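Chemist: Below is the sequence, then the predicted model.
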Amino acid sequence: MDPTAADVATLWQARFGTAPGAVELPPALAALLDRRVARRYRAEPVSDALLDGLLAVAQSAPSKSDLQQYSVVVMRDPARIKRIADWIGTMPWIASAPVFLVWCADMRRGVRLCDMHGMPHANNNLDTFLNGAVDCALAMGQFITAAELIGLGTCPISYVRSHIEKVTPLLGLPPGVFPVSGLTVGWPDGRRPTSMRLPPSVVVHRERYDDSAMPDAVRAYDERRHAREPVAPASQKSRDVYPPREGVGWSENSARQLSVPERFGFSAYLKTRGFDLA
Ligand SMILES: Cc1cc2nc3c(=O)[nH]c(=O)nc-3n(C[C@H](O)[C@H](O)[C@H](O)COP(=O)(O)O)c2cc1C
């Protein structure tokens, strides 16, 4: 049954913690306003045919200059998926998913295309790195949207990059190909609460960038979010640097994470994999 306008208002309230105002959102899109990651899966298979259909939808995402500079590795072997889960150690939902996708930026294919046509590849640079990562993210995003619409659950896993030196040989990734994100896929076992988002006024700029009202808007967002789902001390970021305490809101928790360098060896890794990043 199609959701009604009242349902949409309820979903908006869940997403932003505010009333929707004069927004127009066709009810058919309400399911997308309601999306969320799934971190528990039922022991139910996802068929190859369905997975291939979803991957075809993912491949229908836009791609910079139609160059299609990404690849995806499909993992179904539970023992191999568990190896990644064990390396990460803190995310048991990875091993419980029947499918684990590793979305990769891929410069190698372009190098090989040039080689096939006897031309030099003259774009081993930061722009190609970014184009590959963006193509990859758009395809993964389209996969997530399609999966959500048919009731499948997914969760992106950036932590594959925290163990990139082991993930790379496990997947046989050649130079020129690196993982952007993993993605668990399966039939969800329950639904998580909606994660409240920043107000659109903070993210959406009209004609010119203007973040002058951001601090006040974020303080109000912190309060709304804290009232619904306080950041528990045990799940606060960088607890080894800043002692956990009650009353930490979204912005402070984000600052706690962003003030400590994460994966600072990544550019060195990319250089060992043939990316000049110049
Ligand atoms: C690129 C990317 C990487 C992510 N990496 C992880 C991860 O390693 N582990 C995890 O549990 N969730 C991961 N997430 C999921 C986010 O934590 C989640 O999207 C966010 O908390 C908001 O929740 P929601 O998607 O349910 O709205 C990732 C999301 C993105 C977009």
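Modeler: Yes, it's here.

Chemist: So L33 versus the ligand, what's the distance?
Modeler: Applying C-beta to the nearest ligand atom, to the nearest Å, one obtains 11 Å for the distance of L33 from the ligand. (Glycine included, C-beta is placed from N, CA and C.)

Chemist: Could I get the phi/psi values of that residue?
Modeler: With angles defined as degrees, to the nearest 10, L33 sits at phi -70, psi -20.

Chemist: before we move on, what about F178?
Modeler: Phi and psi for F178, reported as degrees, to the nearest 10, are phi -140, psi 150.

Chemist: contacting residues around the helix or strand containing R225?
Modeler: R225 is part of helix 214-228 when elements are defined by DSSP states H and E. Outside of helix 214-228, the residues that reach it under the criterion C-beta atoms under 8 Å, 6 or more residues apart in numbering are 17-18, 193, 196, 198-199, 201-202, 247, 249-252.

Chemist: Quick check: residues of the chain near the ligand?
Modeler: R36, V37, M91, C155, P156, I157, S158, Y159, S181, R192, S195 (C-beta under 6 Å from any ligand atom).

Chemist: ChimeraX command for the buried members of these?
Modeler: Only the buried entries of the residues of the chain next to the ligand go into this ChimeraX selection, using 16 or more other C-beta atoms under 10 Å:
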select :36,37,91,155,156,157,159,181
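
Chemist: buried sites along stretch 64-80?
Modeler: L67, Q68, Q69, Y70, S71, V72, V73, M75.

Chemist: In helices only, show me these.
Modeler: Using DSSP state H, no member of those sits in helices.

Chemist: so which pair among the residues you listed is furthest apart in space?
Modeler: Comparing all pairs in the buried residues of stretch 64-80 by C-beta to C-beta, the longest separation belongs to L67 and M75, at 25.3 Å.

Chemist: buried set for the host helix or strand of R256?
Modeler: For R256, the element it lies in under DSSP H and E is helix 250-258. Within helix 250-258, the residues that count as buried by 16+ other C-beta under 10 Å are W250, S251, E252, N253, R256.

Chemist: on that earlier part again, now the helix holding R225: how far from the chain's centre is it?
Modeler: Relative to its chain's centre, helix 214-228 lies at 23 Å (C-alpha atoms, centre = their mean, to the nearest Å).

Chemist: orientation of it relative to helix 250-258 in degrees?
Modeler: 100 degrees (axes from the mean of the first three to the mean of the last three C-alpha atoms, to 10 degrees).

Chemist: so for helix 214-228, what's the average pLDDT?
Modeler: Average pLDDT, helix 214-228: 98.

Chemist: G249 - nearest residue in space that isn't next to it in sequence?
Modeler: Leaving out its chain neighbours, the residue that sits closest to G249 by C-beta to C-beta, 6 or more residues apart in numbering is D222, at 3.4 Å.

Chemist: Count the neighbours of the one you found for me.
Modeler: 19 (other C-beta atoms under 10 Å).

Chemist: For H226, see how far away G110 is.
Modeler: 47 Å (C-beta to C-beta, to the nearest Å).

Chemist: Over to M214?
Modeler: Distance, M214 to H226, by C-beta to C-beta: 18 Å.

Chemist: what's the closest non-adjacent residue to C136?
Modeler: In space, C136 is closest to Y70, 3.8 Å off (C-beta to C-beta, 6+ apart).
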